[in-house]
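Asker: After the sequence you'll find the predicted model.
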Amino acid sequence: MNRRQFLASTLAVPSWAKARAQGNRKRNVLFIASDDLNTCLSSYSHPIVKTPNIDRIAKMGTRFDRAYCQFPLCSPSRSSLLTGQAPDTTGIYELQTHFRKNIPDVVTLPQLFQKNGYFAARVGKIFHYGVPGQIGTSGLDDPPSWNQVINPNGVDHTKEEPLLKNYTPTRGLGSAICFHASSASDEQHTDGITANEISRLLEQHKSDPFFLAAGFYRPHVPWIAPSKYFDMFPLDKIQIKPFDETEMRIAPEPAYFTVPSNWGMNESQRKDALRAYYASIAFLDVQVGKVLDTLDRLSLTENTTIVFWSDHGYQLGEHGQWMKQTVFEASARVPLLIGGAGIEKRGVASGRTVELLDLYPTLAELCQLQGTPTNLHGRSVVPLTRKPNASWNKPAVTQVRRLNDSKTIMGYSLRTERYRYTSWEDGSTGEELYDYQRDPRELQNVANETAQEKNKKKLRTTLQSILKVRGRKPATAQT
């Protein structure tokens, strides 16, 4: 081999392979995403959904009890988390546009790991692609972010969709209340394949510094899971969410996504829907357990930071609402667990308000990455993993968009530990203010109460100052 050939071969060696050759023991990351998951987990004290494997992550670190997404819709939320930029900077408010159209040179979170000598790979849905239509494809994935990608495609998509029971047949399958108890094994389902492929990558790259992203699909609709998970939830044990039709008039009209309330489902249908959602979570939990077992078997757990998150919450009848696309608590709040390597306190909970935007700077700090962008909109939560109740003055901001008669209405919501203040079109279309200490179910909108005027003004000023930093355009310029 001459000198030119030697140099070419050296340049062709991936940075993660060089790190392996040098015996580099960088801290690994296992990045576990769930799709459309709220806090129906036993680690969040749900009364009947038991998730012992996801709970393992909580026991290894910090559970964040007030964690919130930036936008309660898959692509805007994921684009924001993975770029570290708020939706008004990414310009992503829907499911069709790729964020690089608006911010072409942004360095994503997995890209930064690559630049620091990591092997970065994903299995399943990390960036957005439509479920179920785009299962098995790359959808709106970002090729520069990964060294390797795998798009699993199981029987839930290839064979069983015609078997669905659908209570909202006028809606597409990706936004319908539909379900099926499958006779196929776990391993034949898309999420079962995802777990096996992540386990295979862990085996293959156990000696490399890695950022491995496991993108699970459940509990996104259609709720297709093996029947044994449905059997775990007898219908007589399931209680529907309390609801009165007057709740549809508590907030301004744009606040509501599900119209009419509960999409007209009766109580029996709502129970069926809850059962299918819970079954999908139980199925997801077992798949997460398989990945964690592989991590243990390969003796990788001690040197791996594990993050478990969902792209947004999910409504199951609160205020008569289903799915996402509101800024009510059940839609904006997400489960967030950070455990494993680098997390000093184990099995603790933090009640501070944090955001999915905070994951980018948090992982950059935990893994001591070089070249972290200076324009990230989040803040590292590492101090909260050391002292869960540490002083913390950062609220969370969630936004949602409504299109009405060719007019765009944007709702911005500020969540502190006690309050949620929401402004629709700078208040011209209405405001909301909830005091969770007195009103945990958001049944009293006190935005127009004289006694709350000073508090509301303070919250509004805080929200406006955050939005200014995060690229918010004047209301008249929004499209």
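Answerer: Everything's here; your move.

Asker: List the residues that contact Asp156.
Answerer: Asp156 is in contact with Pro132, Ile135, Ser182, Ala184, His189, Thr190, Pro222, Ile224, Ala225, counting by C-beta atoms under 8 Å, 6 or more residues apart in numbering. All C-beta spots, glycine's among them, are computed from the backbone N, C-alpha and C.

Asker: right, I mislabeled it, should have said Arg218
Answerer: With C-beta under 8 Å, 6+ apart, Arg218 has these contacts: Ser34, Asp35, Asp191, Ala225, Ser280, Ile281, Phe283, Leu284.

Asker: what's the helix or strand for it?
Answerer: Using DSSP states H and E, Arg218 sits in no helix or strand.

Asker: Please report the distance of it from Thr108.
Answerer: 24 Å (C-beta to C-beta, to the nearest Å).

Asker: In this protein, mark out all the helices, start to finish.
Answerer: For the chain, the helices defined by DSSP state H cover 3-12, 15-21, 52-59, 74-83, 87-90, 109-115, 155-158, 190-204, 227-230, 267-297, 329-332, 359-366, 382-386, 453-469.

Asker: export those helices to TSV and tack on distance to Thr258 and mean pLDDT?
Answerer: Listed next are these as TSV, based on distance: least, C-beta to C-beta, whole Å; pLDDT from 0 to 100:
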stretch	distance to Thr258	mean pLDDT
helix 3-12	53	46
helix 15-21	45	60
helix 52-59	27	98
helix 74-83	17	98
helix 87-90	22	98
helix 109-115	32	98
helix 155-158	25	98
helix 190-204	26	98
helix 227-230	24	98
helix 267-297	12	98
helix 329-332	10	98
helix 359-366	29	98
helix 382-386	34	97
helix 453-469	25	97
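
Asker: Of all these, which one is nearest Ser310?
Answerer: helix 74-83 (9.0 Å; C-beta to C-beta).

Asker: Quick one: list the elements packing against the closest one.
Answerer: Here helix 74-83 touches helix 87-90, helix 109-115, helix 359-366, going by 3 or more C-beta pairs under 8 Å, 6 or more residues apart in numbering; DSSP states H and E.

Asker: list the contacts for the residue lying closest to Ala86 once chain neighbours are set aside?
Answerer: In space, and not counting its chain neighbours, Ala86 is closest to Arg470: 3.7 Å by C-beta to C-beta, 6 or more residues apart in numbering. When contacts are counted by C-beta under 8 Å, 6+ apart, Arg470 touches Gln85, Ala86, Asp88, Thr89, His377, Val397.

Asker: Same check on Lys394?
Answerer: Arg352, Thr353, Val354, Arg379.

Asker: circling back: tell me the one among the contacts of Asp156 nearest to Phe64.
Answerer: For those, the nearest to Phe64 is Ala225 (26.6 Å; C-beta to C-beta).

Asker: From Gly154, how far out is the closest one?
Answerer: On the measure of C-beta to C-beta, Ala225 and Gly154 end up 11 Å apart.

Asker: Likewise for Thr429?
Answerer: For Thr429, the distance to Gly154 - C-beta to C-beta - is 43 Å.

Asker: how far is stretch 193-201 from where the chain is centred?
Answerer: Taking C-alpha atoms, centre = their mean, to the nearest Å, one finds the center of stretch 193-201 at 20 Å from the center of the full chain.

Asker: who's in contact with it?
Answerer: So stretch 193-201 is in contact with 121, 123-124, 148, 150, 152-154, 187, 210, 212, 214-217, 287-288, 290-291, 294, going by C-beta under 8 Å, 6+ apart.

Asker: Domain parsing of this structure, as residue ranges.
Answerer: 25-388, 397-477 (automatic domain parsing).

Asker: ranking those domains by burial, who's on top?
Answerer: Of all the domains of the chain, domain 25-388 has the most neighbours on average by mean count of other C-beta atoms under 10 Å, namely a mean of 21.

Asker: Quick check: Asp272 touching His180?
Answerer: No: judged on C-beta atoms under 8 Å, Asp272 makes no contact with His180 at a distance of 11.4 Å.

Asker: Give the residues shared as contacts by these two.
Answerer: Lys165.

Asker: ok so, going back, can you redo the contacts of Arg218 as a markdown table, where the extra columns are distance to Pro242?
Answerer: Output for the contacts of Arg218, formatted as a markdown table (distance: C-beta to C-beta, whole Å):
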| residue | distance to Pro242 |
| --- | --- |
| Ser34 | 26 |
| Asp35 | 27 |
| Asp191 | 31 |
| Ala225 | 27 |
| Ser280 | 23 |
| Ile281 | 21 |
| Phe283 | 27 |
| Leu284 | 26 |
